[in-house]
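Asks: I need the structure of the sequence given here:
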Amino acid sequence: MSTDVIVIGGGHNGLVCACYLARAGLGVTVLEQSDTVGGCIDTRDLPDGRGRLEQGAYEHGGIRGSGVAADLELEARYGLRFHLRDEVTLGPADDGARFAFWDSLDRTVDGLAMVAGREEADAYRRFAAWATAGMRLVGSLDSGPPPSLGQLAALAQASLGAEAAPFMQTLLGSASNVLRSTFTDERLMAPLAHWAAHSQQSPLDPGTGGGGLALAAFHGAPAARPVGGSRATVEALVRCLEDAGGRVVLNAGATSVEVAGGRAVAVVAGGERYAAARGIVSAVDARRLFGDGRPGGAAGLVAPEHVPARLAGELRRIHSGRRNVSELKVDAVIDAVPAVEPAGFERAFMLSANTMTDIEQSFARVQLGELAERPPVMIAFPSVLESGWAPAGKGVAWVSTFVPWRPASGAWDEAALERAADHAWAVAERALGASIGVVERRITGPAAWVARHGNANANPNHIEMSIDQLLGFRPTPSLSGYKTPIEGLFLTGAGTHPGGGITGVPGRNAARVALGALGVEPRGARLARRARERGALLRDAFKATRALRRAS
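Replies: Okay, here's the model as predicted:
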């Protein structure tokens, strides 16, 4: 079997990359190891009409905000629709306090004043202005190969002037320090820190400061969830790909990438050989592609003799799972969706970490291989947005928490998963102040996630989002531009810049690099696009400068 380009992995970034390549006129085949595409996006129907569960990623505002959905006409032509909500996030604390984050900053500040007091609410308003300006500058760097830390510092200095130093200090510092230096109410800090911890990093870790800004920077953009569930995003991507002449092959886990004459020429997957006339894009992480770089260590899809010594040294420094963090999902058909205050926030995506101290201690306990006493839990009720998720009179709950990859008590087994799920469920009930009756539930533990998408340590980000693996270091310095040392072989996915989340940005960036390298995008068009992007970056930086000065 032969085609122009093979894409290894049918997660959303692999599909996004494939769509851009196919729409540019290339023949594209996507090889996916699982029985469905989507990777961390996994919506499943229970048998006999018993309900539908959202086992994977929930919110998809990122793929709208990044412009990828518009580029690929996912809404205009391929059937993707969104539930847009003014109720963005709710932070329920165990003492009954409810920290509500609306699309509207003014409405959010007024609500926070009623819960945490006017002084904290005013501090949040100032913080949101700073966060929005800072994240605008960071977001302007998402498109294209990432800068190094030195280049980012130089850009900040050139565009922000006197504000560059505090901005860089924020990015390099910890979310805990950023938030504790701004607020006094630990319950208010908790959802902000929990949002930063989406990357599976403790808010105490250096380099999480930018994540601590993220939730407060969302005002002005409604939350977005696909109609029909998260799988609607990947279904739209598949329709886009097929409309452009591409195809997806399921149950086709890649076992090797063939290299001949210094060029990637074929992929062996599911017992078949797929020849690539122009190139190969890997949406699986760098270590699965090239191995761990150690003599006699884990081999990758590319044979060791084709991996340059310098790259092997970089691969040895890639890390995932050093803090022992993994995730556990509990999805259930329930008797009824509990009442949530403020009214309407049963529609929101909830982040309940209780207090800043609780979430800091949770990561410490997980690192020791223990279940946290009061873990952070994410909670949502997909059935409140549309019908079809549960039998009449019932509802559906989505609950996620952090657990150890390696429990100190031994390997994960069914009994251990049941205990962890019971604990997470009890914490969610305590946070919401209500008992939630379960009709039927499914548990997705660390091993099940690996079986689904193959990522080391079940990490949805492929590799850790630590400061030494961001920007021009992601996943390694020589791989950070989406190219590899092997001609015709490219890299995308959450393990490349800018990292995890449902944005499609790594897929788009890799496609642009591949199109340029393969000579599909004319040089003049490429230079014109880069000029437009640089102009947009400078405009965003100028806006950020003014906003940061107003917020200081």
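
Asks: secondary structure element for Arg310?
Replies: Here Arg310 sits within helix 309-317, counting by DSSP states H and E.

Asks: what ranges does the stretch 1-150 of the chain have for its strands?
Replies: Secondary structure of the stretch 1-150 of the chain by DSSP state E, counting those that start in this stretch: the strands cover 2-8, 28-31, 43-45, 52-54, 82-85, 87-92, 98-102.

Asks: now do stretch 472-487, average pLDDT.
Replies: Stretch 472-487 shows a mean pLDDT of 96.

Asks: convert it to PDB, retaining C-alpha atoms only.
Replies: What follows is stretch 472-487, C-alpha atoms only, in PDB (Å, rounded to 0.1, in the frame of the first residue of the first chain):
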ATOM      1  CA  GLY A 472      12.300  25.100  22.500                       C
ATOM      2  CA  PHE A 473      13.000  22.200  24.800                       C
ATOM      3  CA  ARG A 474       9.800  20.300  23.800                       C
ATOM      4  CA  PRO A 475      10.400  17.400  23.400                       C
ATOM      5  CA  THR A 476      14.100  18.000  22.900                       C
ATOM      6  CA  PRO A 477      16.100  20.900  21.500                       C
ATOM      7  CA  SER A 478      16.800  19.200  18.100                       C
ATOM      8  CA  LEU A 479      13.200  18.000  17.800                       C
ATOM      9  CA  SER A 480      11.400  21.100  18.900                       C
ATOM     10  CA  GLY A 481      10.800  22.400  15.300                       C
ATOM     11  CA  TYR A 482       8.600  19.300  14.300                       C
ATOM     12  CA  LYS A 483      11.400  18.100  12.000                       C
ATOM     13  CA  THR A 484      13.600  15.100  12.900                       C
ATOM     14  CA  PRO A 485      17.200  14.300  11.700                       C
ATOM     15  CA  ILE A 486      15.700  11.800   9.300                       C
ATOM     16  CA  GLU A 487      14.600  13.200   6.000                       C
END
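
Asks: and that stretch, how far out from the chain's middle?
Replies: Chain-centre distance of stretch 472-487: 20 Å, with C-alpha atoms, centre = their mean, to the nearest Å.

Asks: which outside residues touch that stretch?
Replies: Residues from elsewhere that reach stretch 472-487 (C-beta atoms under 8 Å, 6 or more residues apart in numbering): 145-149, 151, 259, 262-264, 285-286, 289-290, 302, 306, 308, 310-311, 314-315, 317-318, 462-463, 469, 471, 490-492, 495-499, 509-510, 513-514, 517. C-betas here are computed from N, CA, C, even on glycine.

Asks: quick check: Gly245 touching Thr29?
Replies: No. Judged on C-beta atoms under 8 Å, Gly245 makes no contact with Thr29 at a distance of 10.4 Å.

Asks: who's in contact with Trp195?
Replies: Listed by C-beta under 8 Å, 6+ apart, the contact set of Trp195 reads Thr89, Gly211, Gly212, Ala214, Leu215, Leu351.

Asks: among the residues you listed, name the ones in strands.
Replies: Here DSSP state E is the test, and the contacts of Trp195 give Thr89, Leu351 as lying in strands.

Asks: make a markdown table from the contacts of Trp195 and add pLDDT to it.
Replies: Formatted as a markdown table, those follow (pLDDT from 0 to 100):
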| residue | pLDDT |
| --- | --- |
| Thr89 | 97 |
| Gly211 | 94 |
| Gly212 | 95 |
| Ala214 | 94 |
| Leu215 | 95 |
| Leu351 | 98 |
